[in-house]
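Undergrad: Give me the fold of what follows.
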Amino acid sequence: MNLVPGGVAVRLTVLLVAAWVSATGFAADPAKVDSLGSIERLDERLDALLPREAVIEKLAEGFNWSEGPVWDPKTKELYFSDVPENVVFAWNEKQGVRQFLKPSGYTGSTPRGGEPGSNGLLLEPGTGKLVLCQHGDRRVARMGEQGKFDTLAGNYDGKRFNSPNDGAYKSNGDLYFTDPPYGLLKLNDDPAKEIPFNGVYRVAPDKTVTLLTQVMTFPNGIAFSPDEKFLYVAQSDPKSAIWRKFPVHADGTLGEGALFFDATDRVGKFKGLPDGMKVDAAGNVFATGPGGVLIFSPDGKHLGTILTGEATGNCCFGDDGSTLYIMADMYLCRVKTTTKGAGM
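TA: Numbers count the residues shown, from 1 in each chain. All right, here's what the predicted structure looks like:
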């Protein structure tokens with residue numbers, strides 16, 4: 001593992017934004033912002049979440065496949081993965097982008113292709129340490145000392161995970177995560193696949209692993225409602241591009257999930273599939289999927305879409321909680337919101 005806080009990202013073009021920056025960190029004149037895409041407004045309730053003048057601001061480009069962002073309130077930096085390149089990048093307002101961690105998800109010595117790097121990133125409650133869903137090493141790990149990773153979860157029932165993809169912490173310290181096959185070179189047909197299904201799991205602080213559900217064909221993004229009574233899970237299956245909403249029992253297990261939203265009819269018309277997501281303080285769901293970031297009310301009404309024009313992998317709230325950072329294929333973007341992320 002190579003920590004290079006002063007390094008220069010290979011093949012990365014950092015985009016210059018307007019020289020004058022307001023107190024919120026956004027360019028003073030929206031007309032001068034280097035932007036992409038547009039905002040699709042389907043319900044007037046969206047106006048309470050995204051200002052009418054909102055634009056999708058490009059901050060950097062040149063990534064292979066950007067994913068898994070997390071905002072660190074202590075360093076005031078955004079960390080995110082480039083999965084095929086096996087790298088975690090860091091971005092801040094003053095310095096732009098720099099390579100932060102390599103390797104990020106595959107520490108083996110044998111060269112390999114596919115998607116070996118980290119995907120979803122989180123901050124461990126209490127310590128603030130970076131936690132990574134590692135495709136290549138097929139585990140959930142915490143960044144440790146002196147260039148080492150500490151494994152939090154590496155197998156279930158003695159069998160190695162497929163490739164942990166995304167996670168969400170519950171307030172009691174339990175980590176819920178998804179395990180699709182995207183880090184395996186041949187996906188479900190890979191001979192190295194040991195678990196015959198693609199599951200959703202929980203790992204407790206004592207590292208006990210519990211299987212929560214295996215009903216989803218390609219479980220991907222995952223997020224809790226603000227009161228933690230429900231867990232949302234995205235399914236990145238082009239034949240069934242859906243999000244499910246699971247009740248969370250008092251013991252942390254899941255009840256039978258119900259369909260939250262079905263976007264299968266958008267597949268092919270727009271780039272992307274259901275992927276990462278975050279929830280705001282009011283329970284609205286910001287979910288990457290066909291078209292960009294689809295915004296749903298807590299009852300599953302599609303209020304509108306941040307149309308990036310690119311396959312969009314994940315998003316997170318940052319700054320004071322009212323900035324949505326978006327990973328749209330080769331781009332790092334952001335949108336100013338009039339809501340705040342849950343817990344921020």
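Undergrad: Check which element follows the lowest-mean-pLDDT helix or strand in the chain along the chain.
TA: Scoring the helices and strands of the chain by mean pLDDT, DSSP states H and E places strand 13-14 at the bottom, with a mean of 39. Sequence-wise, the next helix or strand downstream of strand 13-14 (DSSP states H and E) is strand 38-41.
Undergrad: mean confidence for that following strand?
TA: In this model, strand 38-41 has an average pLDDT of 97.
Undergrad: Only the buried residues of that strand, if you could.
TA: Under the neighbour-count criterion of 16 or more other CB atoms under 10 Å, strand 38-41 has 39-40 buried. In this view, the C-beta of every residue, glycine as well, is placed from N, C-alpha and C.
Undergrad: what does stretch 154-167 give?
TA: 154, 156, 161-167.
Undergrad: Any chance of JSON lines for those residues, columns secondary structure and pLDDT?
TA: Listed next are those as JSON lines, based on DSSP: H, G, I helix; E, B strand; the rest coil; pLDDT from 0 to 100:
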{"residue": "154", "secondary structure": "coil", "pLDDT": "98"}
{"residue": "156", "secondary structure": "strand", "pLDDT": "98"}
{"residue": "161", "secondary structure": "coil", "pLDDT": "98"}
{"residue": "162", "secondary structure": "coil", "pLDDT": "98"}
{"residue": "163", "secondary structure": "coil", "pLDDT": "98"}
{"residue": "164", "secondary structure": "coil", "pLDDT": "98"}
{"residue": "165", "secondary structure": "coil", "pLDDT": "98"}
{"residue": "166", "secondary structure": "coil", "pLDDT": "98"}
{"residue": "167", "secondary structure": "strand", "pLDDT": "98"}
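Undergrad: Show me which of those is closest to residue 54.
TA: Closest to residue 54 out of these is residue 166 (25.3 Å), distances taken as CB to CB.
Undergrad: unless I'm mixing things up, the closest one is touching residue 221, no?
TA: Yes - the pair residue 166 / residue 221 is scored as a contact, 5.2 Å apart, by CB atoms under 8 Å.
Undergrad: sorry, back to before: rebuild the buried residues of stretch 154-167 as TSV, extending it with distance to residue 58.
TA: TSV is the format used below for those (distance: CB to CB, whole Å):
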residue	distance to residue 58
154	37
156	40
161	34
162	33
163	29
164	29
165	25
166	24
167	27
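Undergrad: can you tell me which of those lies nearest to residue 298?
TA: Nearest to residue 298 among the buried residues of stretch 154-167, with distances taken as CB to CB, is residue 166, at 20.4 Å.
Undergrad: ok, back up a step: residues in contact with both of residue 166 and residue 221, list them for me.
TA: 178, 276, 314 (CB atoms under 8 Å, 6 or more residues apart in numbering).
Undergrad: Are any of the residues you listed buried, and if so which?
TA: Buried positions within the shared contacts of residue 166 and residue 221, assessed by neighbour count (16+ other CB under 10 Å), are 178, 276, 314.
Undergrad: now the residues you listed as TSV including pLDDT, secondary structure and distance to residue 55?
TA: Below are those laid out as TSV (pLDDT from 0 to 100; DSSP: H, G, I helix; E, B strand; the rest coil; distance: CB to CB, whole Å):
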residue	pLDDT	secondary structure	distance to residue 55
178	99	strand	31
276	98	coil	21
314	98	strand	20
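Undergrad: In a markdown table, list those along with distance to residue 292.
TA: Listed next are those as a markdown table, based on distance: CB to CB, whole Å:
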| residue | distance to residue 292 |
| --- | --- |
| 178 | 21 |
| 276 | 12 |
| 314 | 12 |
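Undergrad: so residue 259 makes contact with residue 242?
TA: Yes - contact between residue 259 and residue 242 holds when scored by CB under 8 Å: they sit 6.1 Å apart.
Undergrad: since we're on residue 128, how many residues are nearby?
TA: Residues within reach of residue 128, counting by other CB atoms under 10 Å, total 11.
Undergrad: of the buried residues of stretch 154-167, closest to residue 286?
TA: residue 166 (13.9 Å).
Undergrad: The closest one: what's it in contact with?
TA: 68, 119-120, 133, 177-178, 220-222, 276, 314.
Undergrad: swap the cut-off to 7 Å and go again
TA: When contacts are counted by CB atoms under 7 Å, 6 or more residues apart in numbering, residue 166 touches 68, 119-120, 133, 177-178, 220-222, 276.
Undergrad: likewise residue 296?
TA: 261, 284-285, 287, 302-303.
Undergrad: With residue 273 instead?
TA: 236, 238, 241, 267, 289-290.
Undergrad: measure it to residue 113 for me?
TA: 21 Å (CB to CB, to the nearest Å).
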